[in-house]
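Trainee: I'll drop the sequence and a predicted model, then ask my questions.
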Amino acid sequence: MTLTQRRAPEFERAIEENNRYAGQFDRSGLPLPPGRRLAVLACMDARLTVEDVLGLRTGDAHIIRNAGGLATDDAIRSLVISQHLLGTEEIIVIEHTGCGMLTFEDEPVRRTIAKETGTAVDLPLLAFPDLEANLRAQLERIRAHPWVKDVPINGVIYEVETGRIRPID
C-alpha cells in the first residue's frame, strides 16, 4: 500500500463514528429540496459551523464551502443547480474574521509550492487583503451572473471571536 492508500487514524475514526451515526440514523425521509429554500456559500474554516451559526438543521439548506467563501465558477454552478433544480429562493454568503485568505498573496505561495513539488502551479488561490470589500465583490459576482435568479442575496461576516454575524450591505 502506498502512503496515499494507507488508512490514516482520522479516516479510521471517521469510519467508527459513521457506524455509530448509522446505528441511530433517522433522516431517510428528508426531501431532496432544502426545507428553508436557502443556499449558503461559506468559508471552509473549521471554526465556522454554518448550521449552528444560522440555526439550521439537516435538510434546511444547501451549504457550499470553499477557501474564503468565494463565488468561484464552481460555487456559482452549485448555486445555479440549487436554484433551478431544487428550488432555493435565497442565498447567504458567509465570510469571517481571522480568515486565512487574508494572510498571504498568491504568487509567493505558488512559488513555494512549485519549489516543494517541482511543478509549476497554475492555480488561482484568490487571496484577498480586505474582508468586507471581498464579501461585497462576491455578492456582486453572484448577483451579476446571468443564470442566478433574482432572489435575496445577502452577506454576513462571522466574528470568530464572538460567534456573532454582522450583515454587510
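Mentor: Cool, the structure landed.
Trainee: helices of the protein, residue ranges please.
Mentor: With helices called from DSSP state H, the chain shows them at 9-23, 50-54, 73-86, 106-117, 131-144.
Trainee: for the spatially most central residue of the chain, give me the pLDDT.
Mentor: Residue closest to the mean C-alpha point of the chain, counted by CA atoms, centre = their mean, is R65 at 1.3 Å. What the model reports as pLDDT for R65 is 98.
Trainee: OK, contacts around the nearest residue in space to Q138 that is not next to it in sequence?
Mentor: Leaving aside its chain neighbours, Q138 sits nearest to A71 (4.3 Å; criterion: CB to CB, 6 or more residues apart in numbering). The way it works is simple: take the backbone N, C-alpha and C, and place the C-beta from them, glycine included. Contact analysis of A71 by CB atoms under 8 Å, 6 or more residues apart in numbering lists L41, V93, Q138, L139, R141, I142.
Trainee: poorly predicted segments of this structure, please.
Mentor: 1-4 (pLDDT under 70).
Trainee: go with 80
Mentor: 1-7 (pLDDT under 80).
Trainee: surely C99 and L131 touch.
Mentor: Yes. Between C99 and L131 there is a contact under CB atoms under 8 Å: 6.5 Å.
Trainee: more crowded one of the two?
Mentor: When C99 and L131 are compared for neighbours, C99 comes out ahead with 22 against 18, by other CB atoms under 10 Å.
Trainee: number of residues surrounding G118?
Mentor: 7.
Trainee: and for F104?
Mentor: By other CB under 10 Å, the residues close to F104 number 13.
Trainee: show the contacting residues for the closest residue in space to it that isn't next to it in sequence.
Mentor: Computed as CB to CB, 6+ apart, the closest residue to F104 that is not its neighbour in sequence is A127, at 5.2 Å. Listed by CB under 8 Å, 6+ apart, the contact set of A127 reads G68, M101, L102, T103, F104, E105, D106, V109.
Trainee: rerun at 6 Å
Mentor: A127 makes contact with M101, F104, E105, D106, according to CB atoms under 6 Å, 6 or more residues apart in numbering.
Trainee: now rank those by neighbours and give me the top one.
Mentor: Among the contacts of A127, the one with the most neighbours (other CB under 10 Å) is M101, at 20 neighbours.
Trainee: ok, it touching G69?
Mentor: No. In this structure, M101 is not within contact of G69 by CB atoms under 6 Å, at 8.7 Å.
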